[in-house]
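Enquirer: Show me the folded form of this:
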Amino acid sequence: MVFKRLTIVIKLGTSSIVDENTHEPILSILTLIVETVAKLHREGHNVVLVSSGAVGVGLRRMDVEERPKHLPRIQALAAVGQCRLMSLWDGLFAHLRLPVAQILLTRNDIADRTQYINAQNTFSQLFDMGVIPIVNENDTLAVSEIKFGDNDTLSAITAAMVKADYLFLMTDVDCLYTANPRTNPDARPIEVVTDISTLEADVSSAGSSLGTGGMGTKIIAAKLGTSAGVTTIITRSSKPGNVHDIVNYLQQQSRRSTVTDAVAEPVESFEVSSNSRASPPLHTRFIPSENPIQSRSFWLLHGMKPRGTVYIDHGAYSALQKKASLLPAGVIGVEGHFSQQEVVRLVVIGKVSPDSLDGDFLHHGQEPKEVGRALVNYGSIEIERVKGHRSTQIHTLLGYADSEYVALRENIAFLQTDDSSGR
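Expert: So this is what the prediction gives:
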């Protein structure tokens with residue numbers, strides 16, 4: 001059967017690959033994961049692993065019983081454990097003659113647009129070379145301001161970066177349920193989610209003592225992934241072979257539904273052996289957005305943490321939606337301290353009186369509404385000085401004028417609920 005080449009990201013949490021009590025790597029699961037990745041690779045797919053576990057493996061290597069609370073201690077254990085973790089992955093993949101590559105990331109590594117594109121190019125080159133990239137957050141160096149927070153979020157950003165077809169979030173349950181299946185016999189599996197905003201599921205799982213995530217972070221990751229056009233799937237980590245079976249099943253379903261459609265342009269394809277299934281292994285599948293956010297907008301929205309807030313009026317917001325850039329005349333206020341070429345939140349405020357521009361403007365208008373992100377041409381102090389003024393007055397007010405705009409339209413991205421197409 002002929003299918004197209006896919007890019008698949010598989011996220012593995014610490015609890016999936018490290019025993020919570022002994023901190024020993026679960027070699028049986030690691031081996032099954034490697035076999036699954038190798039099978040997908042042989043069938044022509046590009047595969048990325050997002051692997052947690054550095055701290056957990058470090059605890060075992062240094063005979064430490066509990067995850068410490070002191071950050072430098074955690075980072076030191078991560079440095080020890082990351083070496084061991086990559087050695088394990090490399091050794092297991094070597095048995096199947098598959099090379100691997102280590103990619104450690106923090107938000108700082110992709111905060112610059114050039115670095116973000118360089119990361120994309122690195123992934124692309126590794127795929128061309130037949131290498132399996134293994135991604136983890138750089139816990140050795142990361143601090144709270146530049147952390148992704150959990151590898152669920154990192155995996156979603158990675159999936160968007162490599163333009164993945166599928167993101168698999170491996171966990172300790174088969175899928176989402178309407179209630180906790182361990183305590184509620186009436187709990188029903190949720191197999192397909194078309195609109196995450198209407199999701200009613202039990203997300204009480206808070207993750208293991210070794211990890212940082214839980215079911216809640218997986219829902220957030222699913223929102224990020226689907227907004228970028230990535231089909232996101234939750235399935236059981238103890239059955240890694242499910243990934244291959246689900247991919248094969250979905251490809252067969254897709255082929256059946258489009259068999260009579262005209263093909264607009266040729267796609268790279270390859271032969272795979274298929275064992276037809278009446279139904280796939282149990283999983284929850286989040287359907288991707290029909291109007292995914294484009295790459296640059298996704299980077300602006302999720303590649304960096306906003307450093308402050310710029311409040312704008314409805315006139316400026318309407319102009320931005322018509323592809324205009326942000327002029328200082330449309331700015332009402334500024335919150336936080338940030339520099340030029342940093343990302344800020346864009347928040348729309350209703351009509352305010354002129355007297356409130358230099359006062360408590362938040363209490364003089366309608367409820368503020370966050371609508372997107374912007375990479376600004378001026379810092380917070382400069383924007384505070386020029387807000388509400390014409391662009392021709394910038395030089396007089398600041399003594400210089402780097403730009404007539406507070407932010408260029410190409411450096412502005414709307415949240416998907418406001419502009420689902422991105423830019």
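Enquirer: For the rest of this, base every contact and every neighbour count on C-alpha atoms.
Expert: Will do.
Enquirer: Could you count how many residues lie near Asn108?
Expert: 17 (other C-alpha atoms under 10 Å).
Enquirer: SS state for it?
Expert: Following DSSP: H, G, I helix; E, B strand; the rest coil, we place Asn108 in the helix state.
Enquirer: is it true that Leu126 lies in a helix?
Expert: Yes: under three-state DSSP, Leu126 sits within a helix.
Enquirer: That one and Leu6, how far apart?
Expert: Noted for Leu126: a distance of 15 Å to Leu6, by C-alpha to C-alpha, to the nearest Å.
Enquirer: More neighbours: these two, which one.
Expert: Between Leu126 and Leu6, counted using other C-alpha under 10 Å, the more crowded position is Leu6 (21 against 16).
Enquirer: tell me what the top helix by length along the chain is packed against?
Expert: Counting residues, the longest helix in the chain under DSSP state H turns out to be helix 71-94. Applying 3 or more C-alpha pairs under 8 Å, 6 or more residues apart in numbering; DSSP states H and E, one finds that helix 71-94 contacts helix 27-42, helix 54-61, strand 100-105.
Enquirer: how about 10 Å then?
Expert: Applying 3 or more C-alpha pairs under 10 Å, 6 or more residues apart in numbering; DSSP states H and E, we find helix 71-94 packed against helix 27-42, strand 46-51, helix 54-61, strand 100-105, strand 132-137.
Enquirer: and the ones you listed as JSON lines, adding mean neighbour count?
Expert: Shown next, in JSON lines, are the helices and strands packed on helix 71-94 (neighbours: other C-alpha atoms under 10 Å):
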{"stretch": "helix 27-42", "mean neighbour count": "18"}
{"stretch": "strand 46-51", "mean neighbour count": "25"}
{"stretch": "helix 54-61", "mean neighbour count": "25"}
{"stretch": "strand 100-105", "mean neighbour count": "17"}
{"stretch": "strand 132-137", "mean neighbour count": "22"}
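Enquirer: Which one, of these, ends up nearest to Lys387?
Expert: strand 100-105 (36.3 Å; C-alpha to C-alpha).
Enquirer: Rounded mean pLDDT for the closest one, please.
Expert: Per-residue pLDDT over strand 100-105 has a mean of 93.
Enquirer: what are the pairing partners of it, and which direction each?
Expert: With DSSP bridges as the test, strand 100-105 is paired with strand 132-137 (parallel).
Enquirer: If I take the strand it pairs with and helix 27-42, what angle do their directions form?
Expert: Strand 132-137 runs at 130 degrees relative to helix 27-42, counting by axes from the mean of the first three to the mean of the last three C-alpha atoms, to 10 degrees.
Enquirer: follow-up on the earlier one: tell me which of the helices and strands packed on helix 71-94 sits nearest to Gln253.
Expert: Per C-alpha to C-alpha, nearest to Gln253 of the helices and strands packed on helix 71-94: helix 27-42, 17.7 Å.
Enquirer: Packing partners of that closest one?
Expert: By 3+ C-alpha pairs under 10 Å, 6+ apart, helix 27-42 packs against strand 7-12, helix 14-17, strand 46-51, helix 71-94, strand 132-137, helix 241-258.
Enquirer: Save these as CSV, and put in mean pLDDT and distance to Asn411 too.
Expert: Shown next, in CSV, are those (pLDDT from 0 to 100; distance: least, C-alpha to C-alpha, whole Å):
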stretch, mean pLDDT, distance to Asn411
strand 7-12, 96, 28
helix 14-17, 86, 36
strand 46-51, 96, 29
helix 71-94, 91, 34
strand 132-137, 94, 26
helix 241-258, 86, 36
